[in-house]
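1. Output the structure for:
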Amino acid sequence: MFAETVLHSGGITEGHASEAHAAHLIRRALHRGYTVTPTPDGGACITWTARRLGSGSLIEEPRSIVLTPHTPAGHLHASVRTALHAIARSTDAHAYLDKQDRDRPRLCIRTSADAEPVDVRTTSRLYGCRLVTEERGRVRLTLTATLALLAARGADRDALTAVFLPAPAAVPA
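-> Numbering: from 1, shown residues only. Model (predicted):
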């Protein structure tokens, strides 16, 4: 979930946005050519200039939507970034219980059958900071994690477009 702050012609409106709605806003902003800036906390700032005619002249007014995650990503240590990149690249990342210690089974994430699992501490941090979530048995990055990673590497418009507006698949002949 995100706190959503919208600057519009009538002032400022605050509300909440789900992850799906926030991703939709980012995709739509990129499609329209607006500026999208990911923030280190896992949020985003969308800015553009609204133009309208008024009193016979063109009036330009700034507009923005600021998305702030309810649970900020925090500082992404090297081990966390490595795990997030591995999960993002994986098509089969899943969580499982490591039962080596029979008294205390621990939750781990495995990104592929032949890869080492993400260590217990990092897995705990990923879930605790809500950087990953599970859908139908698979682990995926949350929008907060994706935006925090993009901000950490100083992503430009092309990188954002590659993540949020992937090229359509080629149609077989």
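2. Find the residue closest to Leu58 in space, skipping its chain neighbours.
-> Closest residue in space to Leu58, ignoring its immediate chain neighbours: Arg51 at 5.9 Å, by C-beta to C-beta, 6 or more residues apart in numbering. Placement of C-beta: from N, CA and C, glycine included.
3. List the contacts of the host helix or strand of that neighbour.
-> Under the criterion of DSSP states H and E, Arg51 resides in strand 44-54. Residues outside strand 44-54 that contact it (C-beta atoms under 8 Å, 6 or more residues apart in numbering) are 9, 22, 25-26, 29, 32-39, 58-67, 147.
4. Select the helix or strand of the protein having the lowest average pLDDT value.
-> strand 94-98 (a mean of 72; mean pLDDT, DSSP states H and E).
5. In the chain, which helix is the longest?
-> Looking across the chain with DSSP state H, the single longest helix is helix 19-32.
6. can you count the residues close to Ile87?
-> Ile87 has 22 neighbours, counted by other C-beta atoms under 10 Å.
7. Would you mind listing the residues in contact with Leu126?
-> Shown in contact with Leu126 (C-beta under 8 Å, 6+ apart): 80, 83-84, 87, 109, 118, 132, 145.
8. Let's see which of those residues end up in helices.
-> 80, 83-84, 87, 145.
9. Buried residues, the one helix or strand Val36 maps to. List them.
-> Using DSSP H and E, Val36 sits within strand 35-38. For strand 35-38, burial by neighbour count (16 or more other C-beta atoms under 10 Å) applies to 36-38.
10. chain center to stretch 51-62: distance?
-> Relative to its chain's centre, stretch 51-62 lies at 34 Å (C-alpha atoms, centre = their mean, to the nearest Å).
11. quick one: Thr13 and Ala93, what's the gap?
-> Thr13 sits 37 Å away from Ala93, going by C-beta to C-beta, to the nearest Å.
12. out of these two, which sits in the more crowded spot?
-> Neighbours were counted for Thr13 and for Ala93 using other C-beta under 10 Å; Ala93 has more, 22 against 11.
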